[in-house]
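Enquirer: how would this look folded up:
(2 chains)
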Amino acid sequence: MAELDTSSGGGHKKGPGVKKGKKLSTRVDLTPMVDLGFLLITFFMYTTTLAKPKTMEINMPYKDENMTEDKQSKVKESTALTILLSKNHRVYTYEGIGSDATKPPELKPVSIAKNTSDLREVLLNKKNMVEGLKRSGGLNATDNMVVLIKPDSTSTYKDLVDVFDEMTISDVKVYAKVDITGQDREFIQLTEQANPTAQ
Amino acid sequence: MPKVKMARKSTNVDMTAMCDVAFLLLTFFMLATKFKSPEPVMVATPSSISQIAIPDTSIMLITVDSKSRIFFSIDRKNVQDFGGNEARLALIQGMNKYKNLGLTPAEEKAFQNGSSVGQPLTRLKQYLGGDGAVQAQLDAAPDAGIPVDTAATPNNELAEWIRVARNSNPYLRICIKGDVNTKYPAIDKIISTLGAMKIFRFNLITDLEGIPAGTPAFENAQKAAEKKAAS
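Expert: This next block holds a predicted model:
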């Protein structure tokens, strides 16, 4: 489509043998070049990764096989909240650490979806309760609320990260991922049997 | 009445300006782009509100895909004190030496220039010696992935990889990149492997999501932003 300027010339004639140098226009059609440019832009836009992935720092509780029983840190029943991660992204919480098998704790199913999380409310209630106990002298001033996270083998990595994230969102200072016990599995089973239509 | 003659305008537009813009953008994207190194598996990471960016250097990356297969890698850009680009080479040479893999220098080079590797040590030679098609086939195998058995007679090759990698660069930060659908036991195996080596601090790679309003973390972030604005 490059146009040639053919309008040059004019009346002024040289001799018959002298060829007239054709004046070419310096204007080039840039459309194909623009096409190419945008094609490459599209390519680079798709391949580029502008947003760097983020990372979440996690500290696991110190574990040593040689540690004696009395050196391990104990969690008080009244400061603890346990979160159980079960199959199909189900999450249950209960007060305390569930140490008494004869009195199964009441498992409360919660949601950890980002916008409709009712785990936050549970955490807030627990926090207020621990603060209240501290004021009334039921607990020492150094006691903190402790959240124990126990993922079952049927839970997924996303559940775990979401729960860790909920801890950050609710500003829980002390939390730990601990192995689930057979006792806890039983609690889940009992709850799911008692109300099979839940969720 | 004479017809009004419309002046015929040329449809040709001057493309120079558009061309300028196109190439300006092209230059920007070319400079801003950082090619994703081709990973053997695609992993969709879960999201969190954490805003800490992954550092560029000294990263040990443990990838777990949705089928619980484990892939291992250390970054290409390592701190200079530990041999710079050579850390990957040092890693594979170390593995070759301790585990008697019988790798040739060419296969070691293939590891150095490659990305994550997720093959049992018995198949590593075949993997590194093979071309792209062979590697893709081995990556797709259901029994690919670095074995991490934490049983009584451990076949924990991940621990070996970590140990040798930390020899080549003691400042490696450990990052775990898991898939949304990865089952928890696979993650637990990695965490207990790390725990057995007395590593209790590591990073989980996540995507960024906004902090939900009205939560303590949201208020803290706001306070921090106000403080920053005031100073």
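Enquirer: Kindly list the longest helix within chain B.
Expert: When chain B is scanned for its longest helix (criterion: DSSP state H), the result is helix B:16-32.
Enquirer: With just CA atoms, put that helix into CSV.
Expert: Output of helix B:16-32 as CSV, limited to C-alpha atoms (Å, rounded to 0.1, in the frame of the first residue of the first chain):
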residue,chain,number,x,y,z
THR,B,16,3.4,7.2,13.1
ALA,B,17,1.9,8.2,16.5
MET,B,18,0.2,4.9,17.0
CYS,B,19,3.4,3.1,16.1
ASP,B,20,5.2,5.2,18.7
VAL,B,21,2.8,4.3,21.4
ALA,B,22,2.8,0.6,20.5
PHE,B,23,6.6,0.4,20.6
LEU,B,24,6.7,2.4,23.8
LEU,B,25,4.4,-0.1,25.5
LEU,B,26,6.3,-3.0,23.9
THR,B,27,9.6,-1.7,25.4
PHE,B,28,7.9,-1.3,28.8
PHE,B,29,6.6,-4.9,28.8
MET,B,30,9.8,-6.3,27.4
LEU,B,31,11.8,-4.7,30.2
ALA,B,32,9.3,-5.4,32.9
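Enquirer: Report how many residues lie close to B:Leu31.
Expert: Residues lying near B:Leu31 (other Cβ atoms under 10 Å in any protein chain shown) number 9. Where C-beta positions appear, they are placed from N, C-alpha and C, glycine not excepted.
Enquirer: how near is it to B:Thr57?
Expert: According to Cβ to Cβ, to the nearest Å, B:Leu31 and B:Thr57 sit 21 Å apart.
Enquirer: And for B:Lys97?
Expert: 25 Å.
Enquirer: if we can go back for a sec, go through the longest helix of chain B and flag the buried ones.
Expert: Under the neighbour-count criterion of 16 or more other Cβ atoms under 10 Å in any protein chain shown, helix B:16-32 has B:18-19, B:22-23, B:25-26, B:29 buried.
Enquirer: out of the residues you listed, who's near chain A?
Expert: Contacts with chain A within the buried residues of helix B:16-32, as defined by Cβ under 8 Å from any Cβ of the partner chain: B:18-19, B:22-23, B:25-26, B:29.
Enquirer: just for chain B, where's the confidence low?
Expert: When residues are selected by pLDDT under 70, those of chain B lie in B:1, B:34-38, B:77-85, B:150-154.
Enquirer: Please enumerate the helices of it.
Expert: Using DSSP H, helices in chain B cover B:16-32, B:87-99, B:105-113, B:121-129, B:132-140, B:157-168, B:184-196, B:216-230.
Enquirer: residue nearest the centroid of chain B?
Expert: In chain B, the residue lying closest to the centroid (Cα atoms, centre = their mean) is B:Leu61, at 6.3 Å.
Enquirer: Spit out the contact partners of it.
Expert: By Cβ atoms under 8 Å, 6 or more residues apart in numbering or on different chains, the contact set of B:Leu61 is B:72-75, B:116, B:175, B:177, B:205.
Enquirer: burial of the nearest residue to B:Asp207 once chain neighbours are set aside, as a residue count?
Expert: In space, B:Asp207 comes closest to B:Ser47 once its chain neighbours are excluded; the distance is 4.1 Å by Cβ to Cβ, 6 or more residues apart in numbering or on different chains. B:Ser47 is flanked by 19 other residues according to other Cβ under 10 Å.
Enquirer: Count the neighbours of the closest residue to A:Ser155 other than its chain neighbours for me.
Expert: Leaving aside its sequence neighbours, A:Ser155 sits nearest to A:Leu85 (Cβ to Cβ, 6+ apart; 3.7 Å). A:Leu85 is flanked by 25 other residues according to other Cβ under 10 Å.
Enquirer: How about the contacts made by A:Leu85?
Expert: Counted by Cβ under 8 Å, 6+ apart, A:Leu85 has contacts A:91, A:149-152, A:155, A:159-160, A:163, B:184.
Enquirer: State the distance from A:Lys126 to chain B.
Expert: 13 Å (Cβ to the nearest Cβ, to the nearest Å).
Enquirer: how close does that residue sit to B:Phe111?
Expert: Distance, A:Lys126 to B:Phe111, by Cβ to Cβ: 50 Å.
Enquirer: Low-confidence bits of chain A, can you list those?
Expert: A:1-20, A:49-51, A:64-73, A:99-103, A:195-199.
Enquirer: and A:Asp171, how many neighbours does it have?
Expert: A:Asp171, neighbours per other Cβ under 10 Å, totals 15.
Enquirer: ah, wrong one, I meant B:Pro120
Expert: 14.
Enquirer: wait, what's in contact with it?
Expert: B:143, B:145-147, B:157.
Enquirer: please redo it, this time with the cut-off set to 6 Å
Expert: B:Pro147 (Cβ atoms under 6 Å, 6 or more residues apart in numbering or on different chains).
Enquirer: What distance do you get for it to A:Asn125?
Expert: 49 Å.
Enquirer: Show me what the longest strand seen in chain B is packed against.
Expert: Longest among the strand segments of chain B by residue count, using DSSP state E, is strand B:201-208. Under the contact criterion of 3 or more Cβ pairs under 6 Å, 6 or more residues apart in numbering or on different chains; DSSP states H and E, strand B:201-208 touches strand A:54-59, strand B:47-48, strand B:173-178.
Enquirer: Would you reformat these as TSV and include distance to A:Arg120?
Expert: Compiled in TSV, the helices and strands packed on strand B:201-208 are given as follows (distance: least, Cβ to Cβ, whole Å):
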stretch	distance to A:Arg120
strand A:54-59	18
strand B:47-48	15
strand B:173-178	24
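Enquirer: Endpoints of stretch B:170-187, how far apart?
Expert: 23 Å (Cα to Cα, to the nearest Å).
Enquirer: is it anywhere near chain A?
Expert: Yes - shown here: stretch B:170-187 in contact with chain A (Cβ under 6 Å from any Cβ of the partner chain) through B:178, B:180-182, B:184-185, B:187.
Enquirer: Reformat those residues as a markdown table; add neighbour count.
Expert: Conversion of these to a markdown table gives the following (neighbours: other Cβ atoms under 10 Å in any protein chain shown):
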| residue | neighbour count |
| --- | --- |
| B:Gly178 | 30 |
| B:Val180 | 17 |
| B:Asn181 | 15 |
| B:Thr182 | 26 |
| B:Tyr184 | 23 |
| B:Pro185 | 14 |
| B:Ile187 | 23 |
